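fold the following and give me the result.
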Amino acid sequence: MKTVSNTTPIISLSSIGRIEILRDIFQEIIISQAVYEEIKAKQGYGYYEVDSDFIKVETVQSEEYREILLNKLDIGEAETIMLSKEIKADNTIIDENIGYFIAKEYNLNVIRTLSILLKAKENNIITQVKPLIDEMILKGRWYSNHVYYLFLKKANEIEA
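Prediction:
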């Protein structure tokens, strides 16, 4: 299974010390050179984790969509979408709304960090998503109250 990730999911899961969830679900994560450079730009969450043996860095070969995508996205998101198309990825992990919807327009199977946590719960990798989401929020990740409560309801961790 080929899974390409953008920066935010790696940083978010690294911030709570749970980067292995990506490995446990997908076995291997592929990132573009731009995503690698974004994470390595400063020593923060993900700085060391991005060098894990299950994360592979690949260079985007085509410049075909680059200029079009860069009009709306940052370089990491643009390269994540381009690389996903090039290698015919099974999954593309992008959290940011604009990148998510553009990736959908390119017919990619796009998932977000919260969906990964739900899948981890369904596969008994974790027992609850709420403590992990709460910790990510404490570490700087932002979710609207609406998204937070809808997701916890979907995970059967709060009442309606």
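
in three-state terms, label I31 for me.
With DSSP: H, G, I helix; E, B strand; the rest coil as the basis, I31 sits in strand.

which residues does it bridge with?
Counting by DSSP bridges, I31 is bridged to V57.

that one reaches E58, doesn't it?
Yes. Here I31 lies in contact with E58, judged by Cβ atoms under 8 Å, at a distance of 7.5 Å. Bear in mind the C-beta positions are built from the backbone N, C-alpha and C, glycine included.

these two: who's more crowded?
Neighbours were counted for I31 and for E58 using other Cβ atoms under 10 Å; I31 has more, 27 against 16.

which residues touch the lowest-mean-pLDDT helix or strand in the chain?
Every helix and strand of the chain was ranked by mean pLDDT, DSSP states H and E. The lowest is helix 66-70, at a mean of 71. Applying Cβ atoms under 8 Å, 6 or more residues apart in numbering, the contact partners of helix 66-70 are 60, 77-79, 81-82, 102.

from the contact counts, what lies against the lengthiest helix in the chain?
Using DSSP state H, we find that the single longest helix of the chain is helix 75-87. Using 3 or more Cβ pairs under 8 Å, 6 or more residues apart in numbering; DSSP states H and E as the contact test, the elements touching helix 75-87 are strand 3-5, strand 29-32, helix 33-40, helix 66-70, strand 91-93, helix 97-105.

now tabulate the ones you listed in JSON lines and tack on distance to S115.
Output for the helices and strands packed on helix 75-87, formatted as JSON lines (distance: least, Cβ to Cβ, whole Å):
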{"stretch": "strand 3-5", "distance to S115": "12"}
{"stretch": "strand 29-32", "distance to S115": "15"}
{"stretch": "helix 33-40", "distance to S115": "19"}
{"stretch": "helix 66-70", "distance to S115": "23"}
{"stretch": "strand 91-93", "distance to S115": "9"}
{"stretch": "helix 97-105", "distance to S115": "11"}
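
ranking those by burial, who's on top?
When you average the neighbours per residue for each of these (mean count of other Cβ atoms under 10 Å), strand 3-5 leads with a mean of 27.

SS state for the nearest residue to I158 once chain neighbours are set aside?
Distances taken as Cβ to Cβ, 6 or more residues apart in numbering place L152 nearest to I158, at 4.4 Å, with adjacent residues excluded. Put simply, L152 is helix when judged by three-state DSSP.

how many residues are close by L152?
A count of neighbours around L152, defined by other Cβ under 10 Å, yields 18.

what score does E38 have for pLDDT?
pLDDT, the model's per-residue confidence, is 96 for E38.
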